[in-house]
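Student: Predicted coordinates and the sequence they were generated for:
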Amino acid sequence: MNPLEIREYAPEDYNNVKTLWLKAGLVLSHSDTEKELHRVLPLNPQLFLVAEMNNRLIGTVLGTFDGRRGYVHHLAVIPEFQKKGIGTALLDELENRYKKLNVVKIHLFIETFNAGVESYYEKKGWSRRDDLIMMSKTLRSHSDD
Ligand SMILES: CC(C)(COP(=O)(O)OP(=O)(O)OC[C@H]1O[C@@H](n2cnc3c(N)ncnc32)[C@H](O)[C@@H]1OP(=O)(O)O)[C@@H](O)C(=O)NCCC(=O)NCCS
């Protein structure tokens, strides 16, 4: 197998990353437009990772740290490269980076339509929280852009 490289996301990766996310079946939102996504880059550039093989972008994970908790978003591998350990390699690298930042706890969200992936995270030491209810509030309309 060709060597897998995990590196930090660069702004030029945007179109390939978006294509990858759609191929992997992620549901994209306004936060995933180029302008919105690039707002996170100056905050935690070392936590947005991509996996490459032969210069082809095949996986991503987007970490964000707000100073209190870390978050894992958009772990995705393109279908033909799934089940080869690439998702695990991305997640392990991100977790190591969080450890270096001395982060105590990391969270992630699974959309209910994708509930099957819960067992994947459980095998990697994550546990489901039944003591929390997630709530959201929209502060601006997308048409304000
Ligand atoms: C979830 C995902 C990132 C895993 O990446 P991957 O490179 O295929 O995973 P790995 O090769 O590291 O791990 C493979 C293991 O995870 C399991 N696995 C992979 N995807 C799974 C899923 N959707 N549900 C349950 N188990 C899954 C495999 O069966 C395998 O288990 P085994 O080791 O017991 O055989 C990838 O399947 C993916 O991109 N899925 C679509 C996007 C998605 O749902 N992302 C998560 C958003 S919360």
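Tutor: Cool, got the structure. Residues are numbered from 1 along each chain as shown.

Student: drop to CA atoms for contacts and neighbour counts, all remaining ones
Tutor: Will do.

Student: can you tell me if the one helix or strand T88 maps to touches the ligand.
Tutor: According to DSSP states H and E, T88 maps onto helix 86-100. Yes. Residues of helix 86-100 are located near the ligand by CA under 6 Å from any ligand atom, namely 86-88.

Student: Up against the ligand, what does this structure have?
Tutor: 24-26, 74-78, 82-88, 110, 116-117, 119-120.

Student: now do 5 Å
Tutor: 24, 75-77, 82-88, 110, 116-117, 120 (CA under 5 Å from any ligand atom).

Student: about what we covered before: using neighbour counts, trim the residues of helix 86-100 next to the ligand to the buried set.
Tutor: 86-87 (16 or more other CA atoms under 10 Å).

Student: any chance of the residues of helix 86-100 next to the ligand in TSV, plus pLDDT?
Tutor: TSV is the format used below for the residues of helix 86-100 next to the ligand (pLDDT from 0 to 100):
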residue	pLDDT
I86	98
G87	98
T88	98
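
Student: which of the residues of helix 86-100 next to the ligand lies closest to M53?
Tutor: M53 lies nearest to I86 out of the residues of helix 86-100 next to the ligand, by CA to CA, at 10.3 Å.

Student: Alright, calling it a day.
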